[in-house]
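**Student:** 3D, please:
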Amino acid sequence: MKRTPLTLLCLTVFASFWLAFACSIPTFAEEAAPDNGPVFTTLFNGKDLAGWYGMGHFDPRQLEALSPADRQKKRDAEMGDFKKHWTVQNGELVNDGEGGYATTDKDYGDIDFWIDYKTVAKADSGIYLRGTPQVQIWDYTKEGGKWEIGADKGSGGLWNNSAGTPGKDPQVLADKPFGQWNRFHIRQVGDRTWVWLNDKLVVDAAPLENFWDRSRPLFAKGPIQLQTHGGEIRWRNIVLREILAEEANTLLRGKDPEGFVAVFNGRNFDGWTGAVENYDIKEGALFCKPGKGGTVYTADEYDDFVARLEFKLPAGGNNGLAIRYPGNGDGAYTGFCELQVLDTEDPKYAGLDPRQAHGSAYGMIAAHRGYLRPVGQWNYQQVTVKGSTVKVELNGFTILNGDVGKVTELMANTPHPGKDRKSGHFGFAGHNDPVEFRNISIQRLKP
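**Tutor:** Next up, the predicted model:
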């Protein structure tokens with residue numbers, strides 16, 4: 001068809017519109033998208049403060065301890081100040097450098113999060129994840145006056161992490177000059193945090209520490225907060241998608257590093273021994289038959305090692321990881337330890353000793369609770385055994401990190417004669433419930 005001048009003009013205007021629109025939304029990197037493409041939710045509508053409220057630097061544990069009425073009272077009291085310092089201008093969320101932090105109405109766990117910001121010289125801000133500080137934003141120039149505390153390295157680091165820990169400082173300087181928009185892509189799975197600033201990876205899977213109590217893992221969920229800190233900052237294109245269990249497990253596991261060997265083929269019990277008659281295999285997963293028990297374990301023995309696996313609990317499900325099992329007896333006592341695999345939150349376990357909770361070295365060292373996925377979802381777990389120490393990472397959180405050799409107080413004063421074992425088999429200690437295990441691999445470590 002012949003193009004008339006008017007037709008060409010219309011096409012030019014249409015193309016310009018779509019180019020402008022494309023530039024205004026996140027350019028989702030290939031590595032950010034699951035197989036079927038990301039489904040993002042817009043957190044800021046560009047028109048008003050809907051979905052946000054004001055709250056300053058406040059311990060989430062104290063907030064949780066408030067009654068619902070007192071929590072609402074606190075929120076209402078801060079809204080006036082919030083609206084005074086936060087406005088919407090030309091589709092941008094603007095803070096004048098004062099007041100409480102813009103806080104999402106909803107709490108989030110594992111996320112893929114995108115946000116643009118533009119700030120001014122000598123400003124200092126950040127993004128709280130799960131109510132915890134923070135992904136740092138600040139003046140990276142010498143004139144900003146904060147080179148002595150790391151500003152020369154740029155924005156994007158987990159600045160409130162302990163000195164010298166991974167992620168505290170960004171890997172590269174990626175800030176744009178003042179007056180230009182910067183774009184963050186933040187991914188968080190468990191406490192593992194990835195930060196891209198202007199398409200440059202500045203934090204690579206570093207744990208975000210629990211600022212409020214460094215002896216405990218990061219909270220499983222919490223709000224996103226946009227910090228105010230003495231200088232105007234503008235935000236736009238704030239979008240997020242929640243990462244579901246299967247993708248989270250894939251991200252946490254990544255590609256097994258060299259040295260990991262699959263010890264279960266998903267089809268049969270080749271390489272396994274023990275009470276195999278009490279176990280079954282279905283769809284690549286090994287599980288204890290209902291009403292059956294006993295320990296099934298690898299034919300090989302291990303001294304120091306890292307084990308990776310996924311497990312799925314039925315309601316009230318109970319099993320355990322037999323660590324350095326001798327091949328006989330109750331592995332919780334004859335082996336180095338049994339690491340509980342348990343639906344800890346089931347009401348029937350309300351009276352548990354803390355040393356019986358999921359991930360605990362049974363009867364010896366208690367694991368932190370609250371990090372299991374809902375019943376029926378696959379969990380990812382990594383266990384590291386070195387000498388007399390054992391570390392358990394569940395869904396990206398370190399829930400146990402202790403030394404069995406130093407344990408002196410035992411549950412019910414029951415001896416654990418195997419706790420000093422230096423080697424043994426790896427296995428599963430069934431307790432009548434069809435707890436499922438799959439994708440099991442082990443890496444031997446040099447002593």
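**Student:** which residue ranges of the stretch 301-447 of the chain form strands?
**Tutor:** Secondary structure of the stretch 301-447 of the chain (DSSP state E, counting those that start in this stretch): strands at 305-312, 318-325, 337-342, 378-386, 389-394, 397-403, 424-431, 436-444.
**Student:** identify whichever of the ones you listed lies nearest to V39.
**Tutor:** Relative to V39, the nearest member of the strands of the stretch 301-447 of the chain by CB to CB is strand 378-386, separated by 20.4 Å. Glycine gets a C-beta too; all of them are placed from N, C-alpha and C.
**Student:** other SSEs contacting that closest one?
**Tutor:** Secondary structure elements in contact with strand 378-386, counted by 3 or more CB pairs under 8 Å, 6 or more residues apart in numbering; DSSP states H and E, are helix 245-253, strand 305-312, strand 318-325, strand 389-394.
**Student:** quick check: which of those is buried the most?
**Tutor:** strand 318-325 (a mean of 27; mean count of other CB atoms under 10 Å).
**Student:** how about the CA coordinates for that one, as PDB?
**Tutor:** Presented in PDB, the C-alpha positions along strand 318-325 are these (Å, rounded to 0.1, in the frame of the first residue of the first chain):
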ATOM      1  CA  ASN A 318       8.900 -36.900  60.700                       C
ATOM      2  CA  ASN A 319      12.300 -38.200  59.400                       C
ATOM      3  CA  GLY A 320      15.900 -37.300  59.900                       C
ATOM      4  CA  LEU A 321      19.300 -37.100  58.200                       C
ATOM      5  CA  ALA A 322      21.600 -39.800  59.600                       C
ATOM      6  CA  ILE A 323      25.100 -38.200  59.700                       C
ATOM      7  CA  ARG A 324      28.200 -40.400  60.000                       C
ATOM      8  CA  TYR A 325      25.900 -43.400  60.700                       C
END
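**Student:** relative to it, what are the paired strands and their orientations?
**Tutor:** Pairing partners of strand 318-325, with direction, according to DSSP bridges: strand 337-342 (antiparallel), strand 424-431 (antiparallel).
**Student:** need the ones you listed in a markdown table with mean neighbour count and mean pLDDT, can you?
**Tutor:** Output for the strands paired with strand 318-325, formatted as a markdown table (neighbours: other CB atoms under 10 Å; pLDDT from 0 to 100):
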| stretch | mean neighbour count | mean pLDDT |
| --- | --- | --- |
| strand 337-342 | 27 | 98 |
| strand 424-431 | 24 | 97 |
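**Student:** pipe these into TSV and attach distance to T250 per row.
**Tutor:** Output for the strands paired with strand 318-325, formatted as TSV (distance: least, CB to CB, whole Å):
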stretch	distance to T250
strand 337-342	21
strand 424-431	23
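**Student:** of all the ones you listed, which one is nearest Q171?
**Tutor:** Proximity of these to Q171 was assessed by CB to CB; the nearest stretch is strand 337-342, lying at 33.7 Å.
**Student:** not counting sequence-adjacent ones, nearest residue to K106?
**Tutor:** Nearest in space to K106, with sequence neighbours left out and distances taken as CB to CB, 6 or more residues apart in numbering, is P223 at 7.1 Å.
**Student:** quick revisit: export the helices and strands packed on strand 378-386 to a markdown table and tack on mean pLDDT and distance to S67?
**Tutor:** Output for those, formatted as a markdown table (pLDDT from 0 to 100; distance: least, CB to CB, whole Å):
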| stretch | mean pLDDT | distance to S67 |
| --- | --- | --- |
| helix 245-253 | 96 | 32 |
| strand 305-312 | 98 | 36 |
| strand 318-325 | 98 | 35 |
| strand 389-394 | 98 | 31 |
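**Student:** what's the closest of these to G274?
**Tutor:** Closest approach to G274 among the helices and strands packed on strand 378-386 (CB to CB): strand 318-325, 8.5 Å.
**Student:** distance of the residue lying closest to K312 once chain neighbours are set aside from L400?
**Tutor:** Leaving out its chain neighbours, the residue that sits closest to K312 by CB to CB, 6+ apart is E436, at 4.4 Å. E436 sits at a distance of 22 Å from L400 (criterion: CB to CB, to the nearest Å).
**Student:** leaving out the residues flanking it, which one is nearest to the spatially most central residue of the chain?
**Tutor:** Of all residues in the chain, the one closest to the mean position by CA atoms, centre = their mean is G190, 1.2 Å from it. Closest residue to G190 in three dimensions, ignoring its sequence neighbours and counting by CB to CB, 6+ apart: G396, at 1.5 Å.
**Student:** from R187, how far out is that neighbour?
**Tutor:** G396 sits 11 Å away from R187, taking CB to CB as the criterion.
**Student:** for F311, same thing?
**Tutor:** Taking CB to CB as the criterion, F311 is separated from R187 by 24 Å.
**Student:** just give me the neighbour total for the residue nearest to K312.
**Tutor:** When neighbours are defined as other CB atoms under 10 Å, E436 has 21 of them.
**Student:** could you list the low-pLDDT ranges of the stretch 1-150 of the chain?
**Tutor:** Low-confidence segments of the stretch 1-150 of the chain, defined by pLDDT under 70: 1-38.
**Student:** what does stretch 147-161 rub up against?
**Tutor:** Residues external to stretch 147-161 that are found in contact with it (CB atoms under 8 Å, 6 or more residues apart in numbering): 126, 132-142, 144, 167-170, 172-175, 182, 184, 193, 195, 197, 202-203, 206-209, 211.
**Student:** endpoints of stretch 155-173, how far apart?
**Tutor:** The distance separating the two terminal residues of stretch 155-173, taken as CA to CA, to the nearest Å, comes to 7 Å.
**Student:** and that stretch, how far out from the chain middle?
**Tutor:** Between the mean C-alpha point of stretch 155-173 and the mean C-alpha point of its chain there is a distance of 17 Å (CA atoms, centre = their mean, to the nearest Å).
**Student:** same question for stretch 301-320.
**Tutor:** Put simply, stretch 301-320 sits 19 Å off its chain's centre (CA atoms, centre = their mean).
**Student:** can you tell me the SS state at the closest residue to L63 other than its chain neighbours?
**Tutor:** On the basis of CB to CB, 6+ apart, the spatially nearest residue to L63 that is not a chain neighbour turns out to be R71, at 6.5 Å. The assignment at R71 comes out as helix when based on DSSP: H, G, I helix; E, B strand; the rest coil.
**Student:** what about R71, distance to A77?
**Tutor:** 11 Å.
**Student:** with neighbour numbers in mind, choose between those two.
**Tutor:** It is R71, of R71 and A77, that has more neighbours when counted by other CB under 10 Å, with 13 against 10.
**Student:** if we can go back for a sec, and of the helices and strands packed on strand 378-386, who's closest to W272?
**Tutor:** Among those, strand 318-325 comes nearest to W272, with 11.8 Å by CB to CB.
**Student:** can you list contacts of that closest one?
**Tutor:** Under CB under 8 Å, 6+ apart, the answer for strand 318-325 is 288, 295, 297, 301-303, 307, 311, 331-332, 334-343, 362, 383, 385, 390, 418, 421-433, 435.
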